[in-house]
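Asks: got a structure for you, letters missing:
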């Protein structure tokens, strides 16, 4: 009985720490997948010649800045 109790006392904390780490990694993977899905949905209807600038800071000073610059519709629209 004391051997089982000793084994549980020695292995319990590292196993719990590992389970916590796995749960956190899974949560982060799901969060990243949702972010990626959101960006795909936002940019799905953007015309192909448009410029999309994405400014993304996280861990966890979370920001997401998305700027879409439409392509000129004709050469006369280019003002250089």
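Replies: That came through fine. This one's a predicted model, so the numbers in the text were calculated from it and none came from an experiment. Numbers count the residues shown, from 1 in each chain.

Asks: contacting residues around the residue nearest to residue 51 when sequence neighbours are not counted?
Replies: Closest residue to residue 51 in three dimensions, ignoring its sequence neighbours and counting by C-beta to C-beta, 6 or more residues apart in numbering: residue 69, at 4.3 Å. All C-beta atoms are positioned from the backbone trio N, CA, C, and that covers glycine. When contacts are counted by C-beta atoms under 8 Å, 6 or more residues apart in numbering, residue 69 touches 50, 51, 52, 53.

Asks: how many neighbours does residue 8 have?
Replies: A total of 11 residues lie near residue 8 under the criterion other C-beta atoms under 10 Å.

Asks: same question, residue 20
Replies: Neighbour count for residue 20, taken as other C-beta under 10 Å: 10.

Asks: Now do the SS call for it.
Replies: Under DSSP: H, G, I helix; E, B strand; the rest coil, residue 20 falls in the helix class.

Asks: Could you check how far it is from residue 26?
Replies: According to C-beta to C-beta, to the nearest Å, residue 20 stands 11 Å off from residue 26.

Asks: Next: residue 56.
Replies: Look at residue 56 and residue 26: by C-beta to C-beta, they are 21 Å apart.

Asks: Please name the residues that touch residue 50.
Replies: Residue 50 touches 68, 69, 70, 71, counting by C-beta under 8 Å, 6+ apart.

Asks: Over to residue 65?
Replies: 53, 54, 55, 56.

Asks: Give me the pLDDT for the residue nearest to residue 51.
Replies: The model reports residue 69 with a pLDDT of 85.

Asks: and it, backbone torsions?
Replies: phi -110, psi 110 (degrees, to the nearest 10).

Asks: That one and residue 47: what is the separation?
Replies: Distance, residue 69 to residue 47, using C-beta to C-beta: 11 Å.
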